[in-house]
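**Q** Got a predicted model here, sequence first, then my questions.
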Amino acid sequence: MPGIMHPHTRSVQIWSKFFIFFFLFSFLLQTLYIFLQHVNPEENCIAEYFYLETGYDTLGTVVSVLLYLTNIFFLLQMVFKFRVAYVDPESRVFVYDPKRVALNYLFGYFIIDFFLVLPFAQNILGFILQWYEWPSGLVGFSSLFEVVSILQYLTMLCRILSMLAEHSASIFVCESWLSKFLINLLAFFLFSHVVGSFWYYFATVRVAQCLIHACGADAHNICIMYISCSYDSFKFDQPLWKKWKDNNNATACFGPSGFDYGIFGPAVPLMKESNLLKRYIYSLFWGFQQISTLAGNQTPALVVVEVLFLMFVGATGLLLLSLLIGNMQNFLQALGRRSLEMSVRSLDVEQWMRHRRLPQEL
């Protein structure tokens, strides 16, 4: 293990650039679990693949292995941060003392990074649900699980943006219009990805709520086990299972008029698609559309979460729009300043040549 390293050395800069893009890939990969969920209208159930289930073993295994690899790289990054000097905000000089460097990271981003590095939050919640004998296939319906997952995704997004802001000068060497365009496009893509992922995730929760209400109207509450398609062991009671499949209230949940889905209505037929790419692309398009229009074309249902979600989308769109306008204004001012400097410099050269009586050909 080397000593305290200067943050501007070539090796540190290369590792920082690599880790930013790797962390971005990890963020996109982790949210992919949301789109592994789809509905099965024939059995009135939701196929959830937060854990490896039959039918998606190959894709689920690949995603899980990649996530574990990203966690290993994140652990290396945490160890790496303990060996990189930082700038003292008071003296404006680099600090190379190992103890002060470690304390600076411990009281800085260490808690956030530790919260993101391991999927311990979902595992702990899974153990809690199993302890209380709740089916793990229905873990997506738990309000606690929803809150923790949303906090993790938002924390990862904020951490990515902080890394990009911290290392933007080293990632984009030249301050050209192309680099500015790529930065704004990346920001729009990330927020569209987040909004589309939450939109699809909340839609699955609303479908689950509709199925739970349909099950509540049934005298046999064992039908709540049938909401998850992964629970084949509970289908031993064939008459009850057949009764659940013929439940008109449950079948109506997969139509636009079966439940008050609000802004999540278009996601219900989308969840019937077996193609994962179609589900993701349309959700990404929906997120990009709502951010671009500030969610002005949506009318929420009388649900607090839905209203807060649209407020978040509108505020995000305003923030990105203001950043885009500010970046364009700064870039145009920089171009005008450069052209003015060039014209002043050429005028000074011409005056100097006249003063020296140099030939006009020069």
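**A** That came in fine, so what should we check first? The structure presented is a predicted model; accordingly, all values stated were derived computationally and were not measured. Residues are numbered from 1 along each chain as shown.
**Q** Low-confidence stretches in this protein?
**A** Low-confidence segments of the chain (pLDDT under 70): 1-2, 48-61, 118-149, 165-180, 217-222, 230-237, 331, 334-335, 338-340, 355-362.
**Q** Strands of that one, start to end?
**A** With DSSP state E as the criterion, the chain has strands at 38-40, 45-47, 86-87, 94-95.
**Q** mind checking which of those strands is nearest R279?
**A** strand 38-40 (7.0 Å; CB to CB). Where you see a C-beta, it was placed from the backbone N, CA and C, and this is true even at glycine.
**Q** Ranking the strands of the chain by mean neighbour count, which comes first?
**A** Mean neighbours per residue, mean count of other CB atoms under 10 Å, is largest over the strands of the chain for strand 45-47, with a mean of 22.
**Q** what packs against that one?
**A** strand 38-40, helix 177-216 (3 or more CB pairs under 8 Å, 6 or more residues apart in numbering; DSSP states H and E).
**Q** one step back: tabulate the strands of the chain (TSV), appending distance to T155.
**A** Shown next, in TSV, are the strands of the chain (distance: least, CB to CB, whole Å):
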stretch	distance to T155
strand 38-40	27
strand 45-47	26
strand 86-87	22
strand 94-95	27
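**Q** I'd like the helices and strands packed on strand 45-47 as CSV, with distance to G108 appended.
**A** Conversion of those to CSV gives the following (distance: least, CB to CB, whole Å):
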stretch, distance to G108
strand 38-40, 41
helix 177-216, 23
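**Q** Nearest to F80, out of these?
**A** helix 177-216 (23.6 Å).
**Q** sorry, back to before: for A85, which of the helices and strands packed on strand 45-47 is the nearest?
**A** helix 177-216 (26.7 Å).
**Q** Please state the offset of the closest one from the chain centre?
**A** In terms of CA atoms, centre = their mean, to the nearest Å, the centre of helix 177-216 is set 8 Å apart from its chain centre.
**Q** how near is the closest residue in space to F73 that isn't next to it in sequence to S16?
**A** Excluding the flanking residues, the one nearest F73 by CB to CB, 6 or more residues apart in numbering is F22, at 5.8 Å. Distance of F22 to S16, given as CB to CB, to the nearest Å: 11 Å.
**Q** Could you count how many residues lie near the residue nearest to F73?
**A** For F22, the count of nearby residues is 16 (other CB atoms under 10 Å).
**Q** Over to F181?
**A** When neighbours are counted by other CB under 10 Å, F181 registers 14.
**Q** again with N249
**A** Using other CB under 10 Å: N249 sits among 17 other residues.
**Q** same check, this time on C158
**A** C158 has 11 nearby residues by other CB under 10 Å.
**Q** quick one, phi/psi of S257?
**A** S257 adopts backbone torsions of phi -100, psi 0, taken as degrees, to the nearest 10.
**Q** If you could redo that for N247, that was the one I meant.
**A** As for N247, its main-chain torsions (degrees, to the nearest 10) stand at phi -70, psi 120.
**Q** what's the neighbour count on it?
**A** 19.
**Q** Who's the closest spatial neighbour of it, skipping the chain neighbours?
**A** A214 (5.8 Å).
**Q** residue contacts, that neighbour?
**A** Counting by CB atoms under 8 Å, 6 or more residues apart in numbering, A214 makes contact with 44, 247, 249-250, 252-253.
**Q** ok, the residue nearest the centre of the chain - contacts?
**A** Nearest residue to the geometric centre of the chain (CA atoms, centre = their mean): V194, 4.4 Å. Contact analysis of V194 by CB under 8 Å, 6+ apart lists 31, 153-154, 157, 287.
**Q** do the same with N247
**A** 44, 214-215, 218, 223.
**Q** Same check on W286?
**A** 195-196, 199, 266-267.
**Q** If you rank the residues you listed by neighbours, which is first?
**A** Of these, with other CB under 10 Å as the count, G196 tops at 27 neighbours.
**Q** right, and it touches G287 too?
**A** Yes - G196 is in contact with G287 according to CB atoms under 8 Å; the separation is 3.3 Å.
**Q** Confirm for me that L164 is in contact with I20.
**A** Yes - using CB under 8 Å, L164 is in contact with I20, at 6.7 Å.
**Q** picking up where we left off before, put the buried members of the contacts of V194 into a PyMOL selection.
**A** Burial among the contacts of V194 is assessed by 16 or more other CB atoms under 10 Å; the matching PyMOL selection reads:
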select buried, resi 31+153+157+287
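**Q** Let's see which of the contacts of V194 end up in helices.
**A** Under the assignment DSSP state H, those contribute 153-154, 157, 287 to helices.
**Q** what sits against the closest residue to L66 other than its chain neighbours?
**A** Distances taken as CB to CB, 6+ apart put L29 closest to L66, at 5.7 Å, once the chain neighbours are dropped. With contact set as CB under 8 Å, 6+ apart, L29 has these partners: 63, 66-67, 70.
**Q** From I14, how far out is L29?
**A** 22 Å.
**Q** same thing with L320?
**A** L320 is 30 Å from I14, by CB to CB.
**Q** more crowded one of those two?
**A** L320 (19 against 11).
**Q** tilt between the longest helix along the chain and helix 177-216?
**A** Criterion DSSP H: the longest helix present in the chain is helix 304-355. Helix 304-355 and helix 177-216 are oriented at 180 degrees to each other (axes from the mean of the first three to the mean of the last three CA atoms, to 10 degrees).
**Q** tally of neighbours for T251?
**A** The burial count for T251: 15, using other CB under 10 Å.
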